[in-house]
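Trainee: below are the sequence and a predicted model; questions follow.
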Amino acid sequence: MRPETLSEIVGSVYDCVLQPQDWSRALPLISSFGESAASSMVVQDRQSASGTNIFEHGADQSFLRLYFEKLAASRITPTKQVAFDQLGEFATMTMLAGERETSNSDFYLKWVKPLGFRDVIGVLVLRSGRRVAWFSVVRSGVQPRFTDSDLRHMELLSPHICRALMISDALELQSITAARLEQTVDQLSTGILLTEDHGRISYMNGAAERLLKNGNVLKAQNGRLTAVRSGPRDTLSRALTESVSGHAPPRTGQYAVPLPDDEGGGLIANVLPLQWREGRIPLAGLRGATAVIVQDPAERRTPPLEAFASLYGLTFAEQKVLEHIAAGEPPQETADELGVSITTVKTHLQKIFAKTGTGRQADLIQLLERHTSPLRGTHS
């Protein structure tokens, strides 16, 4: 065997990490390398019966594939101690059929011979929480059985196959996790932007897009985050630069940048590095070096009135009063809307105050706000 032959095969195996369909190109090379009639790669989703990917080269391997599927799932007991418990573990004909004449074994007669095969090598190449995968090469009835030399060749190749499958599985898991995180972050009413060097925006959720589209205090210029006004622009730029370097105020871990608008109000942008105390920052799973978090007070969020009422033991009548008070209605208007007297509304309010430990409407609204979900309202 020439070293460049193995090198070419190993290269083709790692090509399959990002392009699984490339197994159709790698398997013929592996079959030729092992002087085999056929080879296959089977990746089975452990949580879905329909989630099995099969890549084959050469003859049909349906019976053999079914055997390894059952063995890998521990549904059958092999003749010897081959339970596919260890990654890279081999299953040869002798291991599966026993020491007796293999051509008379149940394994050979039921699983190998019907396919016209003479010998087989199976290797467990992936066993994760989500998937199990096995690789096999077989020789036809007119070929000799695999020798110790063939097994040594497989021992050179199998670690690379195992590593490629593990990388592929990890990458897909990370992609799924990141996608779910993005979906969750996108539903927040709080604007979240992730930036890299010099404020280049690498991600923003829906609330941040609306803030930039509004353009009162923040904007995107040439793909970079900047403030509309010159003073805040310099402050924000410094905070972004320091955060990219992993620096932050030691007490808070973030910079608070005021962003005034032309109407006497504005927003505050909290800038924090994702590399600083990374384990404490849930956004570290998204792409970017710095997070900019901005809450727009005009972004309406729906208070969890039913859950709030249940938490504090409010009656149905008290909850109805709370709904109107939370919407900003004064007691008299609430009474008119509910068709009750102002005295009844005030009585309900006093009971709500007592149950929630508040003493006035402002305190009650503030408490309700602290319980309000950070998700956007349904109108958005």
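Mentor: Sure thing, it's come through.
Trainee: show me where this protein has its strands.
Mentor: With DSSP state E, the ranges of strands along the chain come out as 38-45, 52-57, 90-92, 117-127, 131-140, 191-195, 201-204, 218-221, 224-227, 255-260, 266-273, 290-294.
Trainee: and the last one, how far out from the chain middle?
Mentor: Once both centres are worked out by C-alpha atoms, centre = their mean, to the nearest Å, strand 290-294 turns out to sit 21 Å from its chain's centre.
Trainee: for stretch 216-236, measure first residue to last.
Mentor: From its first residue to its last, stretch 216-236 covers 15 Å (C-alpha to C-alpha, to the nearest Å).
Trainee: about what we covered before: looking at the strands of the chain, which is nearest to V345?
Mentor: The closest of these to V345 is strand 266-273. By C-beta to C-beta, the value is 35.3 Å. Every C-beta, even on glycine, is put in place using the N, C-alpha and C of the backbone.
Trainee: neighbouring strands for that closest one, and are they parallel or not?
Mentor: Paired neighbours of strand 266-273 in the sheet (DSSP bridges): strand 255-260 (antiparallel), strand 290-294 (antiparallel).
Trainee: buried set for that strand?
Mentor: For strand 266-273, burial by neighbour count (16 or more other C-beta atoms under 10 Å) applies to 266-267, 269-273.
Trainee: swap in stretch 33-53?
Mentor: Quick answer for stretch 33-53 (16+ other C-beta under 10 Å): 33-34, 36-44.
Trainee: same check on stretch 331-344?
Mentor: Neighbour-count burial for stretch 331-344 flags 331, 334-335, 338, 340, 344 (criterion: 16+ other C-beta under 10 Å).
Trainee: which of these lies closest to R224?
Mentor: Nearest to R224 among these, with distances taken as C-beta to C-beta, is T334, at 48.4 Å.
Trainee: what sits against that closest one?
Mentor: 321, 324-325, 345 (C-beta atoms under 8 Å, 6 or more residues apart in numbering).
Trainee: would you mind putting the buried residues of strand 266-273 into CSV with distance to Q19 and pLDDT alongside?
Mentor: Below are those laid out as CSV (distance: C-beta to C-beta, whole Å; pLDDT from 0 to 100):
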residue, distance to Q19, pLDDT
G266, 49, 85
L267, 45, 87
A269, 41, 89
N270, 41, 89
V271, 39, 90
L272, 37, 86
P273, 35, 85
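Trainee: output these as a markdown table; include the columns distance to E369.
Mentor: Shown next, in a markdown table, are those (distance: C-beta to C-beta, whole Å):
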| residue | distance to E369 |
| --- | --- |
| G266 | 20 |
| L267 | 17 |
| A269 | 21 |
| N270 | 18 |
| V271 | 24 |
| L272 | 23 |
| P273 | 29 |
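Trainee: of all these, which two lie farthest apart?
Mentor: The most widely separated members of the buried residues of strand 266-273 are G266 and P273, with 23.6 Å between them, by C-beta to C-beta.
Trainee: quick one, helices of the stretch 51-200 of the chain?
Mentor: Counting by DSSP state H, counting those that start in this stretch, the stretch 51-200 of the chain has helices at residues 62-72, 93-97, 106-107, 148-186.
Trainee: give me the pLDDT for S103.
Mentor: For S103, the model assigns a pLDDT of 59.
Trainee: about what we covered before: for the strands paired with strand 266-273, which one sits closest to F308?
Mentor: Closest among these, using C-beta to C-beta: strand 290-294, at 24.9 Å.
Trainee: relative to strand 191-195, how tilted is the closest one?
Mentor: Strand 290-294 runs at 160 degrees relative to strand 191-195, counting by axes from the mean of the first three to the mean of the last three C-alpha atoms, to 10 degrees.
Trainee: list of residues touching strand 290-294?
Mentor: Contacts for strand 290-294 (C-beta under 8 Å, 6+ apart): 190-196, 208, 211, 218, 225, 240, 243-244, 259, 267-274, 281, 283.
Trainee: go with 6 Å
Mentor: Residues outside strand 290-294 that contact it (C-beta atoms under 6 Å, 6 or more residues apart in numbering) are 191-195, 240, 243-244, 267, 269-274, 283.
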